[in-house]
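Novice: Kindly return the folded structure for what I paste below:
(chains A and B)
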Amino acid sequence: MECDERLRELIDRSFAEEVSVGERRIIDEHIRNCDGCRRYVELTARTIRGLREFTFASEADSRAQVFAMLAHDTGTTRRHNAQVKIWAAFAVALAMSIVGSALVYEAARFVAAPMHFDNAQLEAGVLVFWLLPSFCSALCIFAARGEKRGIA
Amino acid sequence: MLALPMTLNRTAETEEARIARGLRERDTELLADLVERCQHRLVRYLVYLTGRREHAEDLAQEAWIRVMQRGSQYNGRQRFEPWLFAIARNLAIDSIRKRLKAAPTVSLPDDRDAVLLLPSSGPSPFEAAARSEDAVRMAGRLQILPPLYREALLLRFQEELSLAEIAQVVGAPVTTVTSRIYRGLAALRSAFEEGNSHGV
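Specialist: Sure thing, here's the model as predicted:
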């Protein structure tokens, strides 16, 4: 192959990416007899070696800073997730308390009819024995701390 | 004969899958391990990309936060490093754009990558880092080399990413990446050619 642009391109390619065995042989055979191209190969290799010498050491506490920041961020995210779960649990508990109370009221009315309870007695019973306890249970989700909630 | 390459390949896949799973689960140990392994490389990449030393550490920290926040987007089918560098690259460009926006006299170019071409002030990080005679000779060239060439050279010859991986990081076709590498090499090579012609 002539010592032209194409050969120089092939040499560049041999540094930047894989070349075939045949192409490698062409380069090797050519530079054996061509000072210009041999020098070109040496310069390119030297350039790449020089490039590899540049390192930029991180500041001494750089890793420690990253670890601290990630730990802080992880903690914040976990707390945020726990808050979201608590609110979701509270909303579900409240909804179950209200829906459950309505169902219990209907069932109690059906059961209490033969016993001649009036509405006020019935409502008081549902309030004291169902609505208040279930509402208090929902509030307990807020009152409990950390892992005792079982959801944090 | 094929057993070894296949085993190595499987190990690589497992490693990437492990990282993907760890990032999804926000595994702090895995993150610490990745930081330990990649922090200095990330800082080096950011210095090469921006030509500035002063913001590299801050940008690297932001990149790690982004990795943690968007860890679930890493699919484990590619190597972790190109994904990390792509995140850092976007952050670096956004950061430069933000700073330029704050300076009323500078108009922002439309092309995102073009902000990298604006001249940087301050001491050259390359001159400060040069340890050998060759490195000193090359430092001046590196500082004035277009950042996109510098970036391509670093990713190919220091990080040893494949051309396809570099294309993925910089968001450009492989042919563009190849051309940047050749032009970058030519510019740096001339530093030695001139040195030799002056008898250095």
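
Novice: And the residue of chain A closest to chain B?
Specialist: Chain B sits closest to residue A:50 of chain A, with a gap of 4.0 Å, by C-beta to the nearest C-beta. Just so you know, the C-beta spots here come from the backbone N, C-alpha and C atoms, and that holds for glycine as well.

Novice: Check what pLDDT that residue gets.
Specialist: Reported pLDDT at residue A:50 in the predicted model: 85.

Novice: Also residue A:112?
Specialist: Reported pLDDT for residue A:112: 77.

Novice: for residue B:161, same thing?
Specialist: 94.

Novice: And the one 4 residues further on, by the same measure?
Specialist: What the model reports as pLDDT for residue B:165 is 95.

Novice: Near it, how many other residues are there?
Specialist: Look at residue B:165: counted by other C-beta atoms under 10 Å in any protein chain shown, it has 22 neighbours.

Novice: and if you look at residue B:113?
Specialist: 15.

Novice: surely it meets residue B:148?
Specialist: Yes - the criterion here is C-beta atoms under 8 Å, and residue B:113 meets it with residue B:148 at 6.4 Å.

Novice: Are there residues contacting both of these two? Which ones?
Specialist: residue B:170 (C-beta atoms under 8 Å, 6 or more residues apart in numbering or on different chains).

Novice: List the buried residues for the helix or strand where residue A:50 lies?
Specialist: Using DSSP states H and E, residue A:50 sits in helix A:35-52. For helix A:35-52, a neighbour-count test (16 or more other C-beta atoms under 10 Å in any protein chain shown) marks A:37, A:40, A:41, A:43, A:44, A:47, A:48, A:50, A:51 as buried.

Novice: Stretch B:20-39 too?
Specialist: B:20, B:22, B:23, B:26, B:27, B:30, B:31, B:34, B:35, B:38, B:39.

Novice: quick one: the helices in chain A?
Specialist: A:5-16, A:21-33, A:35-52, A:62-112, A:119-126, A:132-143 (DSSP state H).

Novice: In terms of secondary structure, what does the least confident helix or strand in chain A by mean pLDDT contact?
Specialist: Of all helical and strand segments in chain A, the minimum by mean pLDDT, DSSP states H and E falls on helix A:132-143, at a mean of 74. With contacts taken as 3 or more C-beta pairs under 8 Å, 6 or more residues apart in numbering or on different chains; DSSP states H and E, helix A:132-143 sits against helix A:62-112.

Novice: I'd like to check the angle between the helix it packs on and helix A:132-143, please.
Specialist: 180 degrees (axes from the mean of the first three to the mean of the last three C-alpha atoms, to 10 degrees).

Novice: What about residue B:64, how many residues nearby?
Specialist: 25.

Novice: so which strand or helix has the closest residue to chain A within chain B?
Specialist: Here chain B gets closest to chain A at one residue, residue B:134, 4.0 Å apart by C-beta to the nearest C-beta. Per DSSP H and E: residue B:134 is located in helix B:133-144.

Novice: The residue of chain B closest to chain A: what's it in contact with?
Specialist: Residue B:134 makes contact with A:46, A:49, A:50, A:53, B:192, according to C-beta under 8 Å, 6+ apart.

Novice: Model confidence for it, exactly?
Specialist: 74.

Novice: what's the distance between it and residue A:114?
Specialist: 103 Å (C-beta to C-beta, to the nearest Å).

Novice: now do residue A:52
Specialist: From residue A:52 over to residue A:114 (counting by C-beta to C-beta), the distance is 94 Å.

Novice: need the contact list for the most centrally placed residue in chain B.
Specialist: Geometric centre of chain B, nearest residue: residue B:45, 3.4 Å, by C-alpha atoms, centre = their mean. By C-beta under 8 Å, 6+ apart, the residues touching residue B:45 are B:85, B:88, B:151, B:154, B:155, B:159.

Novice: element containing the closest residue to the first one other than its chain neighbours?
Specialist: The spatial neighbour of residue B:85 that comes closest, neighbours along the chain excluded (C-beta to C-beta, 6 or more residues apart in numbering or on different chains), is residue B:169 at 4.7 Å. Mapping residue B:169 onto the secondary structure by DSSP H and E places it in helix B:163-170.

Novice: So which elements touch that helix?
Specialist: Looks like helix B:163-170 contacts helix B:80-102, helix B:147-153, helix B:174-197 (3+ C-beta pairs under 8 Å, 6+ apart).

Novice: most tightly surrounded among those helices?
Specialist: Highest mean neighbour count among these (mean count of other C-beta atoms under 10 Å in any protein chain shown): helix B:147-153, with a mean of 24.

Novice: right, is that one up against chain A?
Specialist: Yes - judged by C-beta under 8 Å from any C-beta of the partner chain, helix B:147-153 and chain A are in contact via residue B:153.

Novice: Export that helix to PDB, keeping only CA atoms.
Specialist: This file holds the C-alpha atoms of helix B:147-153, laid out as PDB (Å, rounded to 0.1, in the frame of the first residue of the first chain):
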ATOM      1  CA  PRO B 147     -13.800  19.900  24.700                       C
ATOM      2  CA  LEU B 148     -15.800  17.400  22.500                       C
ATOM      3  CA  TYR B 149     -12.500  16.100  21.100                       C
ATOM      4  CA  ARG B 150     -11.000  16.000  24.600                       C
ATOM      5  CA  GLU B 151     -14.000  14.100  25.900                       C
ATOM      6  CA  ALA B 152     -13.800  11.500  23.100                       C
ATOM      7  CA  LEU B 153     -10.100  11.000  23.700                       C
END
